[in-house]
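*Asks:* mind looking at a prediction? Sequence and model below.
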Amino acid sequence: MTSSAGRSRYSFPVLIALAIVNHSVLAGSRVTVSLYALSMGASPLVVGTLMGLYAFLPIWLSVAAGRLSDRVGVRRPMLVGSVGIAIGAALPCIWSGTGVLFAATSLVGVSFMLFQVSVQNATGEMGPPGERAKNFSLLALGYSISGFCGPLAAGLSIDNLGFGTTFIGFALLPVLPALVLTRRALVLPGRHRGQTQAPSGGIAQLMRNPQLKRVFIVNALLSMAWDLHTFFIPIYGATIGLSASRIGVILASFAAATFAVRLMMPRIARSFSEFQVLTSALFVAAATYALFPFVASAGALMTLSFALGLALGSAQPMVMALLHSIAPAGRMGEAAGVRMSIINASTFAVPLLFGAVGSTLGLAPVFWSVGAALAGGGWFARRS
């Protein structure tokens, strides 16, 4: 009994640690795959396609993954996701060339989605309802740490050890979460016996909720801004002659900003409403993207990336808090799955669309068009 109580007490910190490990692989592999493809002469369109494949399968499977974690519990989906991430990261070590990257990005993306949906489901159920917002903020802080460490480790490893060793290192990291989950070293929520069938009305009923729809739209814009930064900074940095290490540091500065602002979220939440924070985040992100084409040094890019990280990092906890307060009772997992499907649809479409635009018109029109969309989203959120 004492052992079980002790494991239960430390389960949530361990859960965050496992999420940090697997998200580090996702964040680091994005940088590694981008630079590896560019080193072999790939165009921005090809790199955009590779980045989009991280999200293609999750577009269609996120809702089903959320319902699966309700039916069977979160442990097995988390375990399968961890193993899939390891295999996906290892594929470029087994076969060389650009072609294998298409399979690797697809597998890492869908595997991390399966893991992440279950982690979010578990986070919402660990502890009393009054601590839910705090728990999601702590999980977001964990992802900020991995968002910092993954790109930084990728850049340093590529410059000093090469692409092959970098892929091997990322393939070994998910072995730790897989072992912890196999040995049942932490207590996790079980299945929901009442959620074996899809709820009446399905996704369409959720989308008819005007408040949920508003949150989904704003979240899609914020996700677009986040993913475009991850996608275009390696391309833009390589274009202006920056090394992989400097590109990794620029991406890490973005993650450091998300960590810093999330430490301040309890104070921010007491002073401002959710939509006030989201409105400010959209306008700041819009201004940042408008300035990107005018800078050509690592220091200036770090400054803009840090500002963008402050804006976007403040938004995610607010979106999750709104989602939990608005979603119908008993359908939080499904609502989270819909949110993730929308995010992944944006993640898939944005690199393809803007990769094609960047290949034909250059990078400046991409930054400016995204800035305009974010400004429009800020106006929309302010009305809300």
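*Replies:* Right, received. Where do you want to start?
*Asks:* quick one: least confident helix or strand in the chain?
*Replies:* The helix or strand of the chain with the poorest confidence is helix 2-9; it has a mean of 49 (mean pLDDT, DSSP states H and E).
*Asks:* contacts for stretch 316-324?
*Replies:* With contact meaning C-beta atoms under 8 Å, 6 or more residues apart in numbering, stretch 316-324 is reached by 124, 132-133, 136-137, 140, 211-212, 215, 218-219, 222, 262, 265, 269, 274, 277-278, 332, 335-336, 339. In short, each C-beta sits where N, CA and C put it, glycine included.
*Asks:* the residues you listed in strands, which ones?
*Replies:* Secondary structure defined by DSSP state E assigns none of the contacts of stretch 316-324 to strands.
*Asks:* buried subset of those?
*Replies:* With burial judged by 16 or more other C-beta atoms under 10 Å, the buried subset of the contacts of stretch 316-324 is 124, 132-133, 136-137, 140, 212, 215, 218-219, 222, 262, 265, 269, 274, 277-278, 332, 335-336, 339.
*Asks:* residue boundaries of the helices in the stretch 1-150 of the chain?
*Replies:* Under the criterion DSSP state H, counting those that start in this stretch, the stretch 1-150 of the chain contains helices at 2-9, 11-39, 44-72, 75-94, 99-125, 132-161.
*Asks:* what sits against Ser144?
*Replies:* Applying C-beta under 8 Å, 6+ apart to Ser144 gives the contacts Ala255, Ala256, Thr258, Phe259, Arg262, Gly313.
*Asks:* distance to Phe380 for these - can I get that in TSV?
*Replies:* Below are the contacts of Ser144 laid out as TSV (distance: C-beta to C-beta, whole Å):
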residue	distance to Phe380
Ala255	27
Ala256	29
Thr258	23
Phe259	28
Arg262	24
Gly313	21
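*Asks:* just the closest of those to Phe306, please.
*Replies:* Distance to Phe306 across the contacts of Ser144 (C-beta to C-beta) is lowest for Ala256, with 7.0 Å.
*Asks:* the closest one touches Ala307, doesn't it?
*Replies:* No - the pair formed by Ala256 and Ala307 falls short of the contact definition of C-beta atoms under 8 Å, at 11.8 Å.
*Asks:* these two: which has the busier surroundings?
*Replies:* For Ala256 versus Ala307, the count of surrounding residues by other C-beta atoms under 10 Å is larger for Ala256: 22 against 18.
*Asks:* who's in contact with that one?
*Replies:* For Ala256, the set of contacting residues under the criterion of C-beta under 8 Å, 6+ apart consists of Ser144, Phe148, Phe306, Gly309.
*Asks:* tell me which element it is part of?
*Replies:* Under the criterion DSSP states H and E, the helix or strand holding Ala256 is helix 244-263.
*Asks:* ok, and for that helix, which residues are buried?
*Replies:* For helix 244-263, the neighbour count (16+ other C-beta under 10 Å) marks 244-259, 261-262 as buried.
*Asks:* what about the stretch 101-250 of the chain, any weak spots by pLDDT?
*Replies:* Confidence mapping of the stretch 101-250 of the chain against pLDDT under 70 gives the ranges 129-130, 132-133, 190-202.
*Asks:* ok, now with 90
*Replies:* Within the stretch 101-250 of the chain, the set of residues satisfying pLDDT under 90 comprises 117-118, 120-141, 143-145, 147-148, 151-152, 155, 183-250.
*Asks:* give me the distance between the spatially closest residue to Glu274 that is not a sequence neighbour and Leu278.
*Replies:* Leaving aside its chain neighbours, Glu274 sits nearest to Met318 (4.4 Å; criterion: C-beta to C-beta, 6 or more residues apart in numbering). Spatial separation of Met318 from Leu278 under the definition C-beta to C-beta, to the nearest Å is 6 Å.
*Asks:* now swap in Ala90 and tell me
*Replies:* In this view, Ala90 and Leu278 are 39 Å apart by C-beta to C-beta.
*Asks:* try Thr239
*Replies:* As judged by C-beta to C-beta, Thr239 and Leu278 stand 32 Å apart.
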